[in-house]
Each structure stands twice: as C-alpha cells, then as structure tokens.
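# can you look at this prediction? I've put the sequence above it.
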Amino acid sequence: MSGREAVTLVARRELTERVREKSFAISTGLNIVIIVAVIVIVSLTGGDDSYKVGWVTEGDRVVVQSAAEAGRAVDVVIVSRQLGSPGPSSARAALEDDSLDAVVEGGRLISKDEPPDELVTLLQSANRQVKAAESLEQAGVSGEEAERALSPPPLRITTIEPVDEEDEGKAGVAFFAILILYGQLLTYGYWVSAGVVEEKASRVVEVVLSTIRPSHLLAGKVIGIGLLGLGNLLLTVAIGLGVAQATGALEVDSSVIGAAALALAWFVVGYAFYACAFACAGALVPRQEELQSSMTPLSLTILIAFFAGFAVLNDPDGTIAHVTAFIPMTAPITMPPRIVTGDAATWEIVASLLVTVGAAVLLIPLAARIYSGGILRTGSALKLREAWRAARA
C-alpha cells in the first residue's frame with residue numbers, strides 16, 4: 001500500500017466514523033441553533049432604543065416632547081405619558097413597577113436608578129431649549145426670529161475616509177468569527193488527541209502500524225478530522241449568512257462572502273498548525289484520564305489567542321493587532337475579524353498567512369517524529385524529549 005493510499009484510507013475512516021457519532025450531530029445542531037437565535041434576536045431588538053418618560057405639568061410635557069423630537073434623529077424613541085396624579089408618590093409608584101423609565105417633574109428628572117446617558121442628554125438639551133424659548137419670549141423675541149435662534153442649522157458631517165454603513169453588521173460577523181474559530185480549533189484539536197489516546201489505550205494502533213507508517217496514520221487522522229471540521233464550519237457559516245440576509249441583520253455581498261471564505265481558509269491553516277501538536281499531546285499519555293494535563297499548554301495557547309481576538313476587535317489597527325498577525329499561534333483567530341471588518345491590508349493578510357503556513361510546514365515533521373516515538377509506548381506518560389529519542393530512525 002502506497003503512502004497516499006494509506007493516508008486516504010485513514011482519513012476516510014476518521015471522517016465516516018466521526019460523522020456517525022451522536023456528539024457530532026448534537027454539537028453541530030447546537031452551534032447552528034445558537035447562531036440563528038442570536039442573529040434573529042439581534043435583528044428583532046437591534047432597532048431604536050426606547051424609553052418611557054412621564055410628565056406632570058404642561059411645561060414638563062413640552063420638555064419631554066422636545067426630547068422625543070430630538071431623539072428621532074439619533075434613533076432613540078421617547079414615549080411620553082402623563083402621570084395620573086401629580087406628586088412624588090405617583091412618580092415613585094410608576095418607576096417602581098417599571099411602567100416608566102423616568103419622570104420629568106418641576107425641573108427634576110426622577111428615575112429608579114441611574115438613567116441612561118443618552119436619555120439624560122436628550123432631556124437636558126430639551127430642557128435648555130424650552131427654558132431658552134421662554135427667556136426669548138419674555139425678552140420680546142418670538143416667532144421666526146426665536147425659532148432661528150433656538151434651531152440653528154446643524155453641523156454638516158464630513159469624513160476623510162468613506163463611511164461603511166454596515167460597520168456594525170460586519171463587527172457582528174467578526175465577533176462570531178472569533179467565537180466559532182476558537183470553538184472549532186479547540187474542539188477538533190481535542191478530537192485528534194482523544195482519537196490518538198483511544199487507539200493507543202485499546203492497542204488498536206499496534207495492529208494498524210503493522211501495515212502503515214506512523215506518519216501516514218498521523219496525516220490521515222489529521223486530514224479526516226480536519227475535513228469534518230471544515231464541513232461543519234461551512235454549514236454553520238452558510239446558514240448564519242443566509243439567516244442574516246433573510247432577517248436584514250447584514251447585507252451579504254461579495255465582500256462579506258470573500259471575508260467568510262478567508263476566515264474558512266484561516267481555520268484550515270490554524271487547524272493544520274494545532275492538530276499535529278494535539279496529536280503529539282495524545283501520543284505522550286497512555287490513558288484518557290491523563291490527556292487533559294497533556295493538552296493544557298495547547299488549550300491555554302488557544303485561549304490566549306481567543307482573548308487577543310477580542311482585543312483586536314476593539315482596536316483593529318492597534319499594536320496587538322499588528323503583532324499577533326505574525327504569531328502563528330494567534331494569527332488564525334486574530335486575523336479573520338480584521339479581514340471581515342476590512343482593517344487588514346492585503347500585504348498583511350498575505351504575509352501573516354505565509355508565516356502561519358510556514359510554521360505549520362515546519363511543525364509537521366517535528367510532530368510526526370514525536371508522534372512516532374510516543375504512539376507505541378505504554379505505561380507512564382512520556383516527556384517530549386523521551387518521545388523524540390524513541391522515534392524510529
């Protein structure tokens with residue numbers, strides 16, 4: 001049997017065996033349900049902010065109505081309601097049962113706890129405008145002159161760079177990219193480790209290695225599980241983008257599809273880098289009970305990359321974003337969100353990809369040797385140096 005045939009056979013076996021497991025179907029279903037639910041909830045609740053504000057006197061009503069008119073310009077809805085009876089007890093009761101968010105009464109803004117800043121800003125501005133109108137009227141300025149004084153033309157907003165109206169939607173896609181890539185790398189890396197330990201503990205690997213080489217077994221296992229993970233990710237991304245388009249949460253165009261394709265490519269690169277390392281972690285221990293300790297350095301590395309991804313999302317052009325782009329352990333999680341939001345330059349994407357691919361290519365033969373030296377060793381857990389020395393010539 002040639003090496004290619006051996007790798008293909010092992011990859012096919014891993015793919016067919018894993019896809020039949022209930023855990024795969026359950027995890028895939030949960031991922032899809034969670035993503036669809038979040039997108040639908042965001043599309044339903046991601047509209048205008050809304051506040052219910054009560055008023056007592058006619059002067060208070062004018063302030064609330066003026067704030068409501070100003071709020072429409074910034075996508076804030078203020079619903080005004082007259083209190084049934086004046087007095088602090090009526091306002092307190094309405095605030096306590098959450099039927100009102102705030103009450104304007106006699107020059108005071110009353111709320112149950114600290115009111116939202118945007119609501120305070122609108123009401124304060126409206127109050128100043130109403131008081132200014134009263135002062136102008138007392139000074140004999142009214143009609144069009146008063147209106148011009150109180151409502152000067154707004155500042156014209158211009159930007160040096162073009163404004164992307166879908167920045168918020170792309171930021172949401174980038175957020176999901178970080179979560180999904182973190183989950184996929186950790187999940188399928190664990191499957192590689194667990195599969196190695198399972199075969200080692202059951203002594204099945206001794207039979208398999210009587211016909212094929214350890215490097216072929218490793219390659220087939222990594223490729224088979226990787227194809228399964230890629231298929232899972234493709235399905236999840238396709239459904240997520242479809243739901244986002246259907247609900248209006250995001251306009252799915254060629255740029256979004258291209259960014260999603262690049263994120264999938266980063267999964268392939270990141271998985272190639274981490275999967276071999278996870279296989280080595282599995283080859284170093286004889287039982288499943290010891291696998292967690294062996295995997296801990298890898299799990300922590302992915303976790304660090306996960307948190308770095310959110311730091312990059314908050315500041316996509318900062319120092320952390322540029323540094324982590326060229327670290328193979330972090331780039332598979334920190335680069336995709338910058339690609340989605342359009343903050344990564346083409347040269348940086350290419351250079352980061354080349355660095356990570358190069359690191360994976362260098363790691364593969366090293367991982368194959370450690371895997372070969374540890375896969376047939378039973379008894380106690382091995383150290384990397386022992387597995388390296390035990391490798392076949």
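Cool, the structure landed.
# now the helices for the stretch 151-300 of the chain?
All helices of the stretch 151-300 of the chain, identified by DSSP state H, counting those that start in this stretch, fall at 167-202, 204-208, 214-247, 254-283, 291-314.
# weakest of those in terms of mean pLDDT?
Among the helices of the stretch 151-300 of the chain, helix 204-208 carries the lowest mean pLDDT, at a mean of 73.
# any idea of the mean pLDDT in stretch 339-352?
87.
# equivalent analysis for stretch 7-22, please.
According to the model, stretch 7-22 has a mean pLDDT of 85.
# give me the residues contacting that stretch.
1, 24, 191, 195, 212, 216-217, 219-221, 223-225, 227-228 (Cβ atoms under 8 Å, 6 or more residues apart in numbering). Bear in mind the C-beta positions are built from the backbone N, C-alpha and C, glycine included.
# go again with 7 Å.
By Cβ atoms under 7 Å, 6 or more residues apart in numbering, the surrounding residues in contact with stretch 7-22 are 24, 191, 216, 217, 219, 220, 221, 223, 224, 225, 227, 228.
# the residue nearest to the second one when sequence neighbours are not counted and residue 293, how far apart?
Beyond its immediate neighbours in the sequence, the residue positioned closest to residue 191 (Cβ to Cβ, 6 or more residues apart in numbering) is residue 225, lying 5.3 Å away. Relative to residue 293, residue 225 is positioned 22 Å away (Cβ to Cβ, to the nearest Å).
# residue 369: which element?
helix 346-374 (DSSP states H and E).
# any idea how far residue 128 is from residue 134?
The value you get for residue 134 to residue 128, if Cβ to Cβ is used, is 11 Å.
# should've said residue 136
For residue 136 relative to residue 128 (Cβ to Cβ), the value is 12 Å.
# what of residue 175?
38 Å.
# same thing with residue 204?
Counting by Cβ to Cβ - residue 204 and residue 128 are separated by 78 Å.
# before we move on, what about residue 79?
For residue 79, the distance to residue 128 - Cβ to Cβ - is 22 Å.
# and if you look at residue 326?
Distance from residue 326 to residue 128, by Cβ to Cβ: 52 Å.
# domains in this structure, by residue range?
3-43+168-390, 48-150 (automatic domain parsing).
# any chance of those in JSON lines, plus mean neighbour count?
Shown next, in JSON lines, are the domains of the chain (neighbours: other Cβ atoms under 10 Å):
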{"stretch": "domain 3-43+168-390", "mean neighbour count": "18"}
{"stretch": "domain 48-150", "mean neighbour count": "15"}
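# who's residue 82 bridged to?
Residue 82 forms beta bridges with residue 55, as assigned by DSSP bridges.
# so it touches residue 52, yeah?
No - with contact defined as Cβ atoms under 7 Å, residue 82 does not reach residue 52; the gap is 11.8 Å.
# circling back to that earlier point, give the next helix or strand downstream of the helix holding residue 369.
Following helix 346-374 in sequence, per DSSP H and E, is helix 384-390.
# what about that following helix, distance to the chain center?
Helix 384-390 has its C-alpha centroid displaced from the chain centroid by 38 Å (Cα atoms, centre = their mean, to the nearest Å).
# packing partners for that helix?
In terms of contacts (3 or more Cβ pairs under 7 Å, 6 or more residues apart in numbering; DSSP states H and E), helix 384-390 is packed against helix 346-374.
# packing partners for the helix it packs on?
helix 214-247, helix 254-283, helix 331-341, helix 384-390.
# residue contacts, residue 180?
Contacts of residue 180 (Cβ under 7 Å, 6+ apart): 233, 236.
# next one: residue 324
Residues near residue 324 by Cβ under 7 Å, 6+ apart: 308, 312, 330, 331, 334.
# surely the first one touches residue 334?
Yes - in this structure, residue 308 is within contact of residue 334 by Cβ under 7 Å, at 5.4 Å.
# within the helices and strands, which one has residue 79?
With DSSP H and E as the test, residue 79 turns up in strand 76-82.
# what's downstream of that strand, the next helix or strand?
Counting by DSSP H and E, the next helix or strand C-terminal to strand 76-82 is helix 88-96.
# got any residues that touch both of residue 136 and residue 128?
In contact with both residue 136 and residue 128: no residue, using Cβ under 7 Å, 6+ apart.
# relative to residue 2, how far out is residue 180?
36 Å.
# just residue 256 next, same as before
Residue 256 is 42 Å from residue 2, where distance means Cβ to Cβ.
# ok, residue 123 next?
77 Å.
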